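Undergrad: model this:
(one chain, ligands or ions: 1)
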Amino acid sequence: MSERLAAGPDLDLDIVRFGDGDGPAVSILGGVHGDELEGVLAAYRIADRLASTHVRGTVTVLPRANPPALAAGTRHGDGDANLARLFPGDPGGGLSDGIAHAIATALIEPCDLLIDLHSAGHRYRMPPMCGFGAGGTLGGRPMLDAARTTPFPYLWAHASVAPGRSVSHAEALGKPWAYFESGGGGALREADIGRYEQGVLRLLEIVGTLDPVSFAGPPPGRQVVVTGGDGNTDTGVLFTTAGVFVSSVKAGDAVATGQAIGAVYDDGGRKIETVRASSSGRVMMLRHHLRVAPGEVAAIVAGEDGRAA
Ligand SMILES: [Zn+2]
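TA: From the prediction side, this is the model:
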């Protein structure tokens, strides 16, 4: 059932609700960042799938969480506000504060599971991954076990989470949450969107809203589990110079402390900076767009869990 959620004087959010109301409530967000269309497209696919399936409880899908940013095609929305730093929002604040407040009150606070679909956007690349609150449980099992059923080759267990994200609000309320990341670089890949769809369906099975659904393929044989870091994409290995960036690793690669992950060149072709990993682990986010400036993030490296199966 389609509904409109008022997010401000001149802005409604289009949500779709499914289910018999007798069971857990799950909220699914796409398009919190306007250059991350994987989640938008996956959310529409999931809504299509749920429309012809019996859903126990309630599943609420918001494919386009940030209409101003999506209209502009940019990560940030109105006034260059990053919606993922504004939760739980403020009904008396700016447009983006109002969006955050509407989502927080209508979709996050009533839910038993929040799934927020992101991606690396125009400027970055990320390996296909499911991030989650390490302390959470879903359907009576640890979130790590739930995440292992998804088709993501990388799983990121967060012991803490930076404030302002949708998932931070869920965490503060003691609710389980997960977010997906992938691809990016300003391009869309079918494999990424398909993984999002299947990953959401898996988590809906575990929380009990869906009967086991047919799965396109088995989960990856080996899933890399990383820990450490709060998933704040504004921090990591930073550039100290301006120029063009040439990466020498891929998103998802294992790196050692001090290993070069790339270099910055000036317009005369001279190497002016070697960018090195400051810790060992997996490259969970890597700069894609070539022009870089001091203070911008080159990469995020998160420590690999030695117990990874
Ligand atoms: Zn995002």
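Undergrad: For this structure, which residues are neighbours of the ion?
TA: His33, Glu36, His118 (CB under 5 Å from the ion). Just so you know, the C-beta spots here come from the backbone N, C-alpha and C atoms, and that holds for glycine as well.
Undergrad: now do 6 Å
TA: For the chain, the contact set with the ion under CB under 6 Å from the ion comprises Val32, His33, Glu36, Ala84, His118.
Undergrad: Could you tell me which residues make contact with the last one?
TA: With contacts taken as CB atoms under 8 Å, 6 or more residues apart in numbering, His118 has the following neighbours: Val32, His33, Glu36, Gly39, Ala84, Tyr179, Phe180, Glu181.
Undergrad: Please identify which of those residues is nearest to the ion.
TA: His33 (3.6 Å; CB to the ion).
Undergrad: For the closest one, which non-adjacent residue is spatially closest?
TA: The shortest distance from His33 to any non-neighbouring residue, by CB to CB, 6 or more residues apart in numbering, is to Arg75 (4.6 Å).
Undergrad: where in the stretch 101-250 of the chain is pLDDT low?
TA: The model of the stretch 101-250 of the chain has pLDDT under 70 over residues 214-219, 231.
Undergrad: ok so, going back, among the residues of the chain next to the ion, who's most crowded?
TA: Val32 (29 neighbours; other CB atoms under 10 Å).
Undergrad: Surely it and Ala81 touch.
TA: No: between Val32 and Ala81 there is no contact under CB atoms under 8 Å: 11.6 Å.
Undergrad: and Ala6, what helix or strand is that in?
TA: strand 2-8 (DSSP states H and E).
Undergrad: Likewise for Asp48?
TA: Residue-wise, Asp48 maps onto helix 37-51 under DSSP H and E.
Undergrad: Now the element after that helix, going C-ward?
TA: strand 58-62.
Undergrad: Point out the other helices and strands that that following strand packs with.
TA: strand 11-18, strand 25-30, helix 37-51 (3 or more CB pairs under 8 Å, 6 or more residues apart in numbering; DSSP states H and E).
Undergrad: how about the helices in the stretch 101-250 of the chain?
TA: 143-148, 166-172, 190-207 (DSSP state H, counting those that start in this stretch).
Undergrad: Show me the one of these that comes nearest Met1.
TA: Between Met1 and the helices of the stretch 101-250 of the chain, the tightest spacing by CB to CB is seen for helix 190-207, at 17.4 Å.
Undergrad: Please enumerate residues in contact with the closest one?
TA: So helix 190-207 is contacted by 24, 26, 28, 38-39, 41-42, 45-46, 49, 55, 57, 59, 112-113, 115, 117, 119, 128, 130, 138-139, 141, 146, 149-152, 178, 180, 182-183, 210-213, 215-216 (CB under 8 Å, 6+ apart).
Undergrad: nearest spatial neighbour of Ala254, skipping sequence neighbours?
TA: Arg282 (5.8 Å).
Undergrad: That neighbour: what's it in contact with?
TA: Taking CB under 8 Å, 6+ apart as the test, what Arg282 contacts is Pro127, Tyr154, Val224, Val226, Gly252, Asp253, Ala254, Val255, Val301, Ala302, Glu304.
Undergrad: change it to 6 Å
TA: Val226, Ala254, Ala302, Glu304 (CB atoms under 6 Å, 6 or more residues apart in numbering).
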